[in-house]
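Undergrad: I would like the atomic coordinates for the input below:
(2 chains)
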Amino acid sequence: MASKSWHFERRTFLRGAGITLGLPFLNAMAGASESKALAALPKRAAFIFFPNGVSLPTEKDPQHEDWYWFPKGEGRNFEFRKSQEALNPYREDLSVVSGLSHPLNRNSGDAHVNPTGYLTSKEMVKGKTALNSISIDQAIANHHAGKTQLASMPLSTVGGVGSLTRNYTLSYDKDGKGIPAWSNLKEIYERMYVASNPAALARLKGKTHLLNEIHEDAKDLTRNLGKEDQGTLEEYLQAVSELEKKIANDRLWAKKESATAPPEIELDIEFTDVENYMRTMYDLMYIAFKSDISRVATYQIASEGGTAPTNNLSKRIGLTQDLHQLSHSAAKGKEGFKDWGIWDQFVAKQLAYFINRLKETPEGDGSLLDRTLVFQGAATSRVHDNTNFPIIMAGGKQMGHKAGQFITYDEKKNALSNLFARIGNAMDVPMENFGDSSGIPMTELFG
Amino acid sequence: MKSHRWNGWIPFFSKPMKGLVLLLVVVASGQGREDIKSDLDGFRQNVKPLLQKYCVDCHGPNKQKGDMRLDEIDPDVVRGTSFDQWEDVREAFNSGEMPPEEKPQPTGAERDLMTRWMDMEFKKVKLHGSTKKRGTVRRLTRYELKYGFEDLLGFSIHNEVDRLPEEGTSVETGLKNNSRMLLISSPHLESYLDVVMTIIERMKEIAVFEPFVNRADIANLDVAPPVKYTSEKKKIPPVLAKVSRAGTGIVIEKGGYLDLNVTSISKCKSQTSIAAKAESVGRIEVAMGFQRSDVDTRLTFCRMGTIDIAEGDELRDYILESYPEGLTEEFTKGDRPFFLRITNRGAENLYLESLEYRGNVNTELVNTLIPHDIRESEVDRQVRSKIASFVTKAFRRTPTEAELKKYQQVYELHAKEESPALALLSAYKEILCSPKFFYLGLSGNLGGKEDANFKLAERLAFFLWCSVPDEPLLKAAAEGSLIRQPELESQVQRMLKDEKSRRWVERFADQWLQTSQLGNVAVDRNYYPKFKDTIKDLMHRETYEAVNDVFRNGSPAIDLLKADHVFVNQTLASFYKLKGVRGEEFQKVAVDEKSHRGGLLTQGTFLIGNSDGMNSHAILRGVWLADVILHDPPPDPPANVPPLDENIPGFNKMTLNQKLFAHRNNEACRSCHRKIDPWGIPFENFDASGLWRTKVLVVSKASEPPKGEEASAPKAKNPAFEKNYLEIERKSTLEDGVEVDGIEKLKEYLINHRKRDFAKGLVERILAYGLSRDLDFHDEELVDELVDHFEGSHYSVPELIEEIVSSETFSKRK
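TA: Down below sits the predicted model:
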């Protein structure tokens, strides 16, 4: 029997009722002038991914009108079609972006390599590329390291790292190694509330001790090694010292954490309970942002390819085809694009839920959404087409995001990484470029 | 040295990841090696004009087919930057693949000129060689950690290691123990510490449980107990049924059962032991049960397993081991009056003489730590020897004094607060977290000869057992005899006989044959209403048994291509429609041609795994055959493959293969598919559930969907379907012009013409696994020798392994 180190009551959490938690930073700012207090409020960013692109029937297709993912119109005069109509209440808080993608990956061959480069823009060639490069969320997290208990929250439905062609994480560290994503809701929660969990605290202490011992042992090893082996050990030693820093930070925060009780929330949910699982993931991100437990999160809703464990999510919400089939055979059946659109609609509904939670939570002079940038997209437009990613960016009005528009970029002149660099800037990271970007200021979206 | 995946693509004739070779070549610079230089004049005069004439049209400034450009290729093969490309050019040119048939061909003299120049250059590369020491250090894989923990701790590991990231696979070999793919990062290391801590915590929990025994008093069992009532209507179910006395024992009829009261639910391993006999093969089902209450007399059961009873007059003892993880939550929630029920599920009467249930069976665990019956004064000595032997096994060498002292101190520190057994576990935890356990190929501070022996022991154990060496291996290493024959040979033979080598058979078979596809394909119920997913596990087992027979029993490896036998149990046999197989154990069963079975090709694992769940998929099957079996992977599909064109008349009613072939008629696709489809078409008699068929079933949606359907409502789960049966098309023409009609002819062709390709592929992958690295140019000679020997030994894998481990490359790890 797996040991249950601690328990909390499994009462159902009333969604939308809010959580009675004081915001740590508001206390800290008592007595400051209003403008100072506002300027000191944290900024957050969430990066969300769904696989296989979206329903994009051609104009001739009768399903185009309703189920084409991108909105009608342009600029400030756009109108969502059926699949995105759940986002209507927030249209002034978000922008829809078309025409951006990662140019280096257009020739990667296997389309299922693309999600690996989704937040990095690195050219991923199957069979040639062994390592990725840093992802935008980690570039931001590293810059703000130490400011929150969790530097970032890498979330995904499958969890772990996966492989280059079937990634189960969106986050890659500075060397391009995958950061194992968290998928188990209870585990995510335990990470967020270490201080209230004596067993987790004891573990932190135990790890500190073990790391000391490892350090001692490693000294003996570097003798008589060839160059390549030395490299292998250096990699290990680097992991050791990074982990030491991380654990030290965890312990520091465990001491700092306020005495407020962790929120009660139903966590006994498997990913096969699709809607509840997704909403709980969003709840956890929401709580982490609101309580300043973390300022950066990634969330991979499902992994690409017909063999991923998440491939049948669409079947679980009542469609007859799995995700891979939906995208590959949309053009075959009479209503293939509509079926796909129903999945798109489902994804949009969950995003709307997240946006709504952020928007209905007051903070400073507005809402939590104003200082939270939510980026959602896919790494293909449709099936294996590596251009024109379907992108929605919500929130962040106080971070310079000029929301309320539908902007189409010229695919030949722009790269998605330019937008990432601007998001980095909005998160106060001084960077002109990120990945393969070319320093385009994108003043129409940010400023 | 081939790429093996087809779900992506790499340029036309590229063999990826040869940066490694390049690196070795560039770095090298031993004495006298400076004199070895490429023949650049020869290139300018002879080779370059030929490249211009025959190649540059497609591989030059205008077009770079397959990402290959030859007008700019670096002619310095020895030290230049284009070694990888030269390797590709050489292979494509020598095999006649390039220039393509339809293009102008070089004359014999021209061909000769080109071949000779390239051969010379490659010889130079070999001579020039490399003085750089290749890396030998790598971390353990996830599955090696699991087995290592089990062997060291004597404790079964469940899913604790699953939280570690999965290892990457080598693109060249598909293997997971490749030293270059085994990276580590800080979150990974943290997960590892968590894994070790969790396992040790669980062991500590279990170590403190009190074992208990419940025994049925069979000799005095009342076989006709009076019926009890709690009220007028509510009858308490009887503790036995269809049971009669027979001497000191009892006879349980078919369907009869006997209950035994159990003190409490076991918190760790439990054992159900019986002494029984049966006139014909019998079976007992063991279940845990409880009655809701005296008022509510309904019974709830949870099945724990079955015991197969052998046929015979002799009374035999049987033990079923089970774990609380197998029980439903109701059973673990609280204490109730539980009982164990054994039911006769066989066809005949069964004679039983004893029944016993042991709960909290941690004696083994506790004994591994500190024997129960030990005197207090003996504890210290015991602990010392336990720590010494644990460190020796975990670090795969004689520990240093300092190391022993260190872990002894850990023990002493913990022994102040914990019992000796628990304190010992605390010391084990630290040993397992050490990089000296986590990394292979490290040297202790031992002398050269001793070091070589221990390293060989380590390499052998992780090769054939996927785990740490055992005492006899370490002893031979300590004595310095392991590295010499005949000790090495006899150790290898012993290791292959040991059940632990089954781990290697299974892990290697999975990686080599890509069996994971089986789990990834969902067999469609609209097509195969009778298919049960549990059949897949049996098919997987069938594959393991077939490989095991070759790898450990020494049956010729050619059996994997074509065989007059299969490995099945009764359930799988009846699924395959093979008659006369009895019992649930897997057995080697002779079959004839009419069965259409025998060898890997006709195993459900691959027939299902290489289909789309609805219909056969000639392309996937063809790619699998070419890549895995013939070791000749076809080029990967290009980017932006056009979707299947649904405008072809009758598209909806076509078989999947007809649709795919319609797509193949596209000029751009044909050149590749020519190398793939002919391999897959002869499999057409097998449907997507792995069964033989004479017609192809196509299920298509029945015409129009009902009108006025709510746009947003998900579709009804079962729309109307139309079923059509089409003719099988199974004749194909292979690239060399041979016509093959059906699976039997295909197997015959493989046996007659492609044995060496198969053998070479297998040899290369086993060698790469043993060395934990991709092979390269420098291994070619060894591979050729091994393949020759393999052929000479009638394809005996045990002999091949002896050859591999005796080679300098393996034993000195070059």
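Undergrad: from now on I want contacts and neighbour counts done on CA atoms only, so please keep to that.
TA: Noted.
Undergrad: tell me how many other residues surround residue A:201.
TA: The tally of other residues near residue A:201 (other C-alpha atoms under 10 Å in any protein chain shown) stands at 17.
Undergrad: for residue B:162, which non-adjacent residue is closest in space?
TA: residue B:142 (7.9 Å; C-alpha to C-alpha, 6 or more residues apart in numbering or on different chains).
Undergrad: same check, this time on residue B:179
TA: On the basis of C-alpha to C-alpha, 6+ apart, the spatially nearest residue to residue B:179 that is not a chain neighbour turns out to be residue B:138, at 5.1 Å.
Undergrad: report how many residues lie close to that neighbour.
TA: Based on other C-alpha under 10 Å, the number of other residues close to residue B:138 is 22.
Undergrad: so what's it bridging to?
TA: Partner residues in beta bridges with residue B:138, using DSSP bridges, are residue B:440.
Undergrad: quick one, what contacts the residue nearest to residue B:162?
TA: Under the criterion of C-alpha atoms under 8 Å, 6 or more residues apart in numbering or on different chains, the contact list for residue B:142 reads B:161-162, B:164-167.
Undergrad: one more: residue B:557?
TA: Listed by C-alpha under 8 Å, 6+ apart, the contact set of residue B:557 reads B:550-551, B:794-797.
Undergrad: restricted to strands, list the residues you listed.
TA: Among the contacts of residue B:557, no member is found in strands (DSSP state E).
Undergrad: show me the two of those residues that sit farthest apart.
TA: Taking every pair in the contacts of residue B:557 and measuring C-alpha to C-alpha, the maximum separation is 12.8 Å, between B:551 and B:794.
Undergrad: which one's more surrounded, the two?
TA: Under the criterion of other C-alpha under 10 Å, the comparison of residue B:551 against residue B:794 puts residue B:551 first, with 23 against 14.
Undergrad: quick check: closest non-adjacent residue to the more buried one.
TA: Here the residue nearest residue B:551, using C-alpha to C-alpha, 6+ apart, is residue B:797, at 5.2 Å.
Undergrad: so where's chain A uncertain?
TA: Applying pLDDT under 70 to chain A flags the ranges A:1-32, A:107-112, A:126-130, A:223-224, A:257-260, A:306-307, A:332-333, A:383-384.
Undergrad: how about the helices in it?
TA: Counting by DSSP state H, chain A forms helices over residues A:24-28, A:34-39, A:64-67, A:114-117, A:136-143, A:185-192, A:198-219, A:227-256, A:274-290, A:313-316, A:323-328, A:336-359, A:416-426, given from the N-terminal end onward.
Undergrad: how's chain B carved up into domains?
TA: What automatic domain parsing lists as the domains of chain B is B:19-128, B:212-361, B:512-705+B:716-753, B:754-811.
Undergrad: just send those domains back as TSV, with mean pLDDT too.
TA: Below are the domains of chain B laid out as TSV (pLDDT from 0 to 100):
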stretch	mean pLDDT
domain B:19-128	77
domain B:212-361	88
domain B:512-705+B:716-753	85
domain B:754-811	94
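Undergrad: can you redo the ones you listed as JSON lines with distance to residue B:482?
TA: Formatted as JSON lines, the entries for the domains of chain B read as follows, by distance: least, C-alpha to C-alpha, whole Å:
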{"stretch": "domain B:19-128", "distance to residue B:482": "30"}
{"stretch": "domain B:212-361", "distance to residue B:482": "37"}
{"stretch": "domain B:512-705+B:716-753", "distance to residue B:482": "21"}
{"stretch": "domain B:754-811", "distance to residue B:482": "10"}
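Undergrad: which residues does residue 335 contact?
TA: The chain I'm using is chain A. Applying C-alpha under 8 Å, 6+ apart, we find residue A:335 in contact with residue A:63.
Undergrad: sorry, should have said chain B
TA: Contact partners of residue B:335, counting by C-alpha under 8 Å, 6+ apart, are B:264-265.
Undergrad: now do the SS call for it.
TA: coil (DSSP: H, G, I helix; E, B strand; the rest coil).
Undergrad: tell me how far it lies from chain A.
TA: Residue B:335 is 16 Å from chain A, where distance means C-alpha to the nearest C-alpha, to the nearest Å.
Undergrad: over to residue B:87?
TA: For residue B:87 relative to chain A (C-alpha to the nearest C-alpha), the value is 16 Å.
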